[in-house]
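Asker: Let me see the structure of the following:
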Amino acid sequence: MQNTNNLLHLHNSKVVNLKSEILFRQAEDDFYYFNNINSALKKLKEAVLLSPFHFKSLILCADIYFIKGKIKNALELYHRALNINPDCARTNGAAANCYYSLKQFNSALSFAQKSLDNIDVKDYQLYYQVIELKINSLVELKEYKPAYITFIQSQNILDRVTLNSIYNSNFDIINEKLKLQNKIKDSGLKIV
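Answerer: As a prediction, the model looks like this:
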């Protein structure tokens, strides 16, 4: 016989209101199939209000905020989701993208690395996007050598088409900056 009077065995972070799940699924349909972003966002806000730990609702709501350009709102929701599952590669990558958009490149780099540490290499799309974020963050921080090393290391995993895309956008800049740094180093000149 089960003791129904004692609710101490329930962990509040794992209890999801059934209505939250229904709202999430309706929001998913609104967003993906009917292209009704505002309706989806309204339903997701309610779902998160009912179940603050509903991981799927947090992520989709954050994604919609990002699309709408509300980067700080999206970032706050990604952080709430990361409190639930800190090893989620997709969520860490999304947080890195938010920080990159806010021009906080050190934080973007940190979250991109967390994502790469937990990513399944078979997920080419996510891996490609996070590698590109990492390289772009390193370039913005003027860390050209680590950017070059990251690019070279990614050659073993990414296919030629994907690699060419990263190569076209970054490799020339990185290569040029590395050559300039080497010339300065070899000349003995110092930048004041």
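Asker: Next, count neighbours for A47.
Answerer: Here the number of neighbours of A47 (other CB atoms under 10 Å) works out to 27. Where C-beta positions appear, they are placed from N, C-alpha and C, glycine not excepted.
Asker: Looks like it contacts F53 (just checking).
Answerer: No. Using CB atoms under 8 Å, A47 is not in contact with F53; the gap is 11.1 Å.
Asker: For stretch 26-40, which residues meet the burial criterion?
Answerer: Neighbour counts over stretch 26-40 (16 or more other CB atoms under 10 Å) mark 27-28, 30-31, 40 as buried.
Asker: Kindly report the same for stretch 85-98.
Answerer: By 16+ other CB under 10 Å, the buried positions in stretch 85-98 come out as 88-98.
Asker: out of those, who's nearest A81?
Answerer: Proximity of the buried residues of stretch 85-98 to A81 was ranked by CB to CB; the top entry is T91 with 5.1 Å.
Asker: Which strands and helices lie in contact with the strand or helix carrying that closest one?
Answerer: Using DSSP states H and E, T91 sits in helix 89-101. Applying 3 or more CB pairs under 8 Å, 6 or more residues apart in numbering; DSSP states H and E, we find helix 89-101 packed against helix 55-67, helix 71-84, helix 105-118, helix 124-140.
Asker: can you give me the mean pLDDT across it?
Answerer: Mean per-residue pLDDT for helix 89-101: 96.
Asker: centre of the chain versus it, how much separation?
Answerer: Centroid separation between helix 89-101 and its chain, computed with CA atoms, centre = their mean, to the nearest Å, is 2 Å.
Asker: ok, residues contacting that helix?
Answerer: The list of residues contacting helix 89-101 from outside it, by CB atoms under 8 Å, 6 or more residues apart in numbering, reads 59, 62-63, 66, 71, 74-75, 78-79, 81-82, 85, 105, 107-112, 114-116, 118-120, 123, 126, 129-130, 133-134, 136-137.
Asker: ok, of the residues you listed, which come out buried?
Answerer: 59, 62-63, 66, 71, 74-75, 78, 81-82, 105, 107-112, 114-116, 118-119, 126, 129-130, 133-134, 136-137.
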